[in-house]
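Just the structure for this:
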Amino acid sequence: MAPTRSEESRKRRPISRRILLAGGAALGAAGALGVAGCSKVPTGDTLARLRSQGIVRMGIAGEAPYGFIDEQGNFTGEAVELAKVIFKRLGIPKVQPVATDFSSLIPGLNSQQFDVVSAGMYINKDRCAQVIFADPEYQMLDSFIVPKGNPKKLTSYQDIKRTGTRMATGTGYAQIDYAVAAGIPEKDLVILQDPVAGLNAVESGRVDVFAGTALTGRGVVRKSTKAEATEPFAPLVDGKKKIDGGGFAFRSLDAELRDAFNVEIHRMKKSGELFRILQPFGFTKSEMTTLTAKELCR
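Now for the predicted structure:
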């Protein structure tokens with residue numbers, strides 16, 4: 001599964017934080033549905049239009065636990081299941097997930113291929129200049145995948161810099177910028193496909209640590225006998241702790257739809273229903289949040 005880099009670094013490397021774990025099936029779904037989604041969307045009240053159509057097209061990036069295809073060939077994930085509940089309450093009975101590469105989500109949203117996107121996407125200043133976000137449904141800390149016993153006692157990016165540890169992370173991950181902020185040269189980082197590849201690299205000794213989110217870290221190492229995930233921590237950026245939050249993104253002109261979505265998100269937070277939906281996908285109460293999109297967009 002997000003998912004903070006500078007504008008300059010964004011130009012140097014793809015922004016994809018998420019990889020299609022579902023393989024050919026997901027790509028096939030993206031291709032088949034993407035063609036239908038390329039037609040121009042009528043202007044006007046998007047919420048009213050979606051209610052009339054009875055369906056909302058949601059872009060996802062095919063990564064567990066956010067949005068993915070399960071072993072039975074069904075779309076699921078925290079974002080998919082949450083969307084089903086909220087949009088039904090908004091009078092839109094069907095959610096049509098469309099799997100694509102993470103880097104295509106915001107462009108696809110703004111070119112009207114999707115009505116909304118959600119893929120464990122972190123809310124940050126750069127993205128807030130392109131789309132509008134609902135308030136985050138979760139907050140996220142970082143964690144390292146390390147050999148059992150954490151022999152180098154790594155608990156921060158500063159520890160990696162100090163010890164000269166061989167670090168890996170994923171393509172387009174926010175953790176690249178956190179490592180660079182700690183003084184680790186970007187050229188020294190090993191970039192891998194996803195957390196599973198990171199686990200394999202740590203277990204084989206090719207790298208000493210794989211950096212990712214706490215959620216994916218603890219999920220990936222669950223059955224490993226050679227590796228473990230460190231305790232979650234907030235990276236330091238410019239001397240301040242950085243806590244990320246992920247949420248649903250909407251087109252800038254669709255504030256009414258976003259606001260209606262926000263009303264439901266806040267009701268579900270207050271009642272505890274939001275946590276009940278996210279918990280089966282590995283989320284803990286420590287990942288529930290009161291952060292707002294406005295705060296994360298600064």
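
For the rest of this, base every contact and every neighbour count on C-alpha atoms.
Noted.

For the closest residue to Leu47 other than its chain neighbours, which three-state class applies?
Closest residue to Leu47 apart from its sequence neighbours, by CA to CA, 6 or more residues apart in numbering: Leu257 at 5.4 Å. Following DSSP: H, G, I helix; E, B strand; the rest coil, we place Leu257 in the helix state.

In the stretch 151-298 of the chain, mark out all the helices, start to finish.
All helices of the stretch 151-298 of the chain, identified by DSSP state H, counting those that start in this stretch, fall at 157-163, 174-181, 195-204, 214-220, 255-271, 273-278, 293-296.

And those helices: which comes nearest Arg57?
Checking the helices of the stretch 151-298 of the chain against Arg57 by CA to CA gives helix 255-271 as the closest, at 13.4 Å.

Could you list every helix and strand in contact with that closest one?
helix 46-53, helix 78-89, strand 132-133, helix 273-278 (3 or more CA pairs under 8 Å, 6 or more residues apart in numbering; DSSP states H and E).

Highest mean neighbour count out of these?
strand 132-133 (a mean of 27; mean count of other CA atoms under 10 Å).

Packing partners of that strand?
strand 249-250, helix 255-271.

and for it, what are the contacting residues?
Defining contact as CA atoms under 8 Å, 6 or more residues apart in numbering, one finds that strand 132-133 is touched by 123, 247-252, 255, 258, 293.

Any idea how far it is from the middle of the chain?
14 Å (CA atoms, centre = their mean, to the nearest Å).

Can you give the strand pairings for the helix or strand following that strand, parallel or anti for each?
The first helix or strand that comes after strand 132-133 along the chain, using DSSP states H and E, is strand 138-140. Counting by DSSP bridges, the strands paired with strand 138-140 are strand 244-246 (antiparallel).

Would you agree the residue nearest to Leu47 is in contact with Thr46?
Yes - using CA atoms under 8 Å, Leu257 is in contact with Thr46, at 6.8 Å.

Kindly reformat the contacts of strand 132-133 as a markdown table containing distance to Ala229.
Below are the contacts of strand 132-133 laid out as a markdown table (distance: CA to CA, whole Å):
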| residue | distance to Ala229 |
| --- | --- |
| Ile123 | 24 |
| Gly247 | 25 |
| Phe248 | 27 |
| Ala249 | 30 |
| Phe250 | 34 |
| Arg251 | 36 |
| Ser252 | 38 |
| Ala255 | 39 |
| Arg258 | 35 |
| Ala293 | 29 |
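
Closest one of the residues you listed to Ile277?
So of the contacts of strand 132-133, ranked by how close each gets to Ile277 (CA to CA), first place is Gly247, at 14.6 Å.

thinking that closest one is in contact with Gln139, fair?
No - assessed by CA under 8 Å, Gly247 is found out of contact with Gln139, at 9.3 Å.

out of those two, which sits in the more crowded spot?
The neighbour comparison of Gly247 against Gln139 (other CA atoms under 10 Å) goes to Gly247, with 24 against 18.

got the contact list for the closest residue to that one other than its chain neighbours?
Spatial nearest neighbour of Gly247, chain neighbours left out: Pro136 (4.2 Å); criterion: CA to CA, 6+ apart. For Pro136, the contacting residues are 123, 245-248, 289, 291-293, by CA under 8 Å, 6+ apart.

PyMOL command for the buried members of the contacts of strand 132-133?
Buried residues within the contacts of strand 132-133, by 16 or more other CA atoms under 10 Å, are selected in PyMOL with:
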select buried, resi 123+247+248+249+250+251+255+258+293
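
In the contacts of strand 132-133, find the pair that's most separated.
Every pair of these checked by CA to CA; the farthest is Ile123 and Ala255, at 16.1 Å.
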